[in-house]
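> fold the following and give me the result.
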Amino acid sequence: MLDNHHKNLATFIHLSTFSRFVIPFGNFIGPIVLWAANKEKSDFIDQHGKQAINFQISVLLYAIIIGTISVPFFIFKVFRNMDVIDFNGFNSFHINLNQPSPLLYIGGGLGALAVIAFIIELALIVKASLSARDGHAYKYPFTINFLK
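Below you'll find the model as predicted:
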């Protein structure tokens, strides 16, 4: 049977991911510390801790993939007219805002996708913490299970 202490700990494990706005890598440090200190107390805390950590690692992996894909589109657009061999391209360096390149649209679309994914991530964290508060198990969607 779950008591309020276990529900509160599981809730705080999920909410501790918001510490990244104050502490660098707080979205990893907070859940790991709370989970490691309390995972033996109940399976409920252990399950929620693993879910929160797996979700944060998955989000980091997805962000790296989106960033790796989108950065070359901006680089190719900005340095399109540069002569790499002579490297005298800064004399004719310009950005034409009247005719954006399709590469800029693709890179901008990936950037917009990253912003939407960030908003969805925040909503899923709140939903998981509310499920933990109510004593229900929660499984984040699109999560790779690194910790089983």
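> make it CA atoms for all contacts and neighbour counts henceforth
Will do.
> okay, which residue is most central for the protein?
residue 59 (3.5 Å; CA atoms, centre = their mean).
> distance of it from residue 26?
According to CA to CA, to the nearest Å, residue 59 and residue 26 sit 14 Å apart.
> before we move on, what about residue 47?
Taking CA to CA, one finds residue 47 at 20 Å from residue 26.
> same deal with residue 72?
From residue 72 to residue 26 the distance is 29 Å (CA to CA).
> of these two, who's got more company?
residue 26 (16 against 13; other CA atoms under 10 Å).
> the closest residue in space to that one that isn't next to it in sequence: neighbour count?
Nearest residue to residue 26 in three dimensions, chain neighbours excluded: residue 20, at 4.1 Å (CA to CA, 6 or more residues apart in numbering). Residue 20 has 14 neighbouring residues, counting by other CA under 10 Å.
> adjust the sequence numbering to begin at 86 for everything that follows.
Let's use 86 as the start, then, which means that last one is residue 105.
> quick one: neighbours of residue 209, just the number.
18.
> OK, contacts around it?
Shown in contact with residue 209 (CA atoms under 8 Å, 6 or more residues apart in numbering): residue 225.
> do a quick rundown of the strands in this structure.
Using DSSP state E, no strands are found in the chain.
> pLDDT weak spots in it?
By pLDDT under 70, the low-scoring segments of the chain are 86, 158-159, 161-186, 188.
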